[in-house]
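>>> with the input below, show me the fold.
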Amino acid sequence: MRKRILQLGSYLLVAALAVGVTLALTRQQEGSCKLEELEALISEKFVGETDNEALLDAAAHAMVSATGDRWSYYIPAGEYQAYEEQTANAYVGVGITIEQQQEQQGFLIVGVTPGGPAEEAGMQLEDMLIMVDGQDVRTMTTSQVRDLVRGKVGTVVSLTVLRQGERVNFSVERRNVQTPVADHEMLTADIGLVTIYNFDARCADETIAAIEALLDSGAKKLIFDVRNNPGGYASELVEVLDYLLPEGEVFHTVSYDGKEDIDYSDADCLELPMAVLVNESSYSAAEFFAVALREYDAAVVVGTQTSGKGNFQNTFRLSDGSAVSLSVGKYYTPSGENLEGVGITPDVEVTVDEDTATAIYYGTLPAREDPQIQAAMEALK
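Alright, predicted model coming up:
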């Protein structure tokens, strides 16, 4: 009797599993069929012209967006190389940063990489790019102009700019260009400023080199600027924190499957008065950098409320060359706080007007005119 009950139970279990698998496959097939049905309907019945790749990209974007997570995003195949270049802080080009102007005036050059091909050719900040290889670019998008300017290493691109109303032509060789990750300057005889642009590739090496250059120049106090810093790799963040902080926990993550990882710093640290500048465009690793220093009583935080990004993402490549950056876990500060939707409230709050914020973003505001830098210097006194 017991054997028959066990056999019956086994049959029921197998049947239940079969039903479960069937339902799962059915739901998957239903979703797939719905998309295929809609695609076929548009292809056959829609009165206008359609781009099938654009339809699929839009569907993928909508699926990721429907998660409700503001940090997850879809990357079309045509934009994946630019994404990789951004995280590598390197690309093949001429070393300029452009900003599209209103009324199709052209593209204002707002950044020229020091030592890059464009600087060597004589291009300057505030030149207005209007032509690339003889093509008028004033009606193009920023990505279209970027694709024209970039190309294979060793090839030459012709660039025409307006400089004080006069046309100036340049022939610039495309080369491997590394974008700066960290910069530094002495503000006074004893206060040094380290600007960290992101926490992607080379951040730790360049940040630590900048700190040591300032120490060699006589810096006794440090200000770190992570305003408009979008974050980056946790490994780069941890390496910088390890250099600055004493022994203890500096970073804690919990992934979607419950796996926990904790990073620690060793006993070596930098014992100097420090301040960190933040704003509403300080995200992710930039926020955790500031809050870790504050939780160790190593720095005062100055500026405006940060964005509050407490999730981390992994990037998954899809079969057609596109990708999705998907939130797969949460970050925690050394004290165990998650900043998602909360952010950091500065110890010294200093707001700025729109024109000042724009100048800070483009790095054109001298430190002596920057009210947030001046407040940080005052805090260090």
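>>> center of the chain, which residue is that?
The central residue of the chain, meaning the one whose C-alpha is nearest the mean C-alpha position (CA atoms, centre = their mean), is residue 230 at 4.1 Å.
>>> give me the contacts around the longest strand anywhere in the chain.
Longest strand in the chain by number of residues (criterion: DSSP state E): strand 323-332. Here strand 323-332 makes contact (CB atoms under 8 Å, 6 or more residues apart in numbering) with 60, 64, 67, 69, 71-75, 80, 83, 234, 251-256, 284, 288, 310-318, 338-340. Every residue, glycine included, has its C-beta placed from N, CA and C.
>>> hmm, which of those residues are the buried ones?
Among the contacts of strand 323-332, those classed as buried by 16 or more other CB atoms under 10 Å are 60, 64, 71-75, 80, 234, 251-254, 284, 288, 310-313, 339-340.
>>> the residue nearest to the centre of the chain should be in a strand, yeah?
No: assessed with DSSP: H, G, I helix; E, B strand; the rest coil, residue 230 is coil; it does not lie in a strand.
>>> that older thread, which ones among the buried ones among the contacts of strand 323-332 lie within helices?
Counting by DSSP state H, the part of those found in helices is 60, 64, 80, 234, 288.
>>> surely the third one meets residue 320?
When you say that, I think you mean residue 80. No: between residue 80 and residue 320 there is no contact, the gap being 10.1 Å when judged by CB atoms under 8 Å.
>>> was I right about residue 267 contacting residue 242?
No: between residue 267 and residue 242 no contact is recorded; they are 10.4 Å apart, counting by CB under 8 Å.
>>> give me the more crowded residue out of these two.
Ranked by neighbour count (other CB atoms under 10 Å), residue 267 and residue 242 place residue 242 first, with 20 against 8.
>>> what about the more buried one, which SS state?
Look at residue 242: counting by three-state DSSP, its state is helix.
>>> correct me, but it touches residue 250?
Yes: the pair formed by residue 242 and residue 250 meets the contact definition of CB under 8 Å, at 6.8 Å.
>>> mutual contacts of these two, please.
Between them, residue 242 and residue 250 share the contacting residues 263-265, judged by CB under 8 Å, 6+ apart.
>>> of these - the most surrounded one?
Comparing these on neighbour count, residue 265 comes out first with 22 neighbours (neighbours: other CB under 10 Å).
>>> excluding residues flanking it in the chain, which one is nearest that one?
residue 242 (4.2 Å; CB to CB, 6 or more residues apart in numbering).
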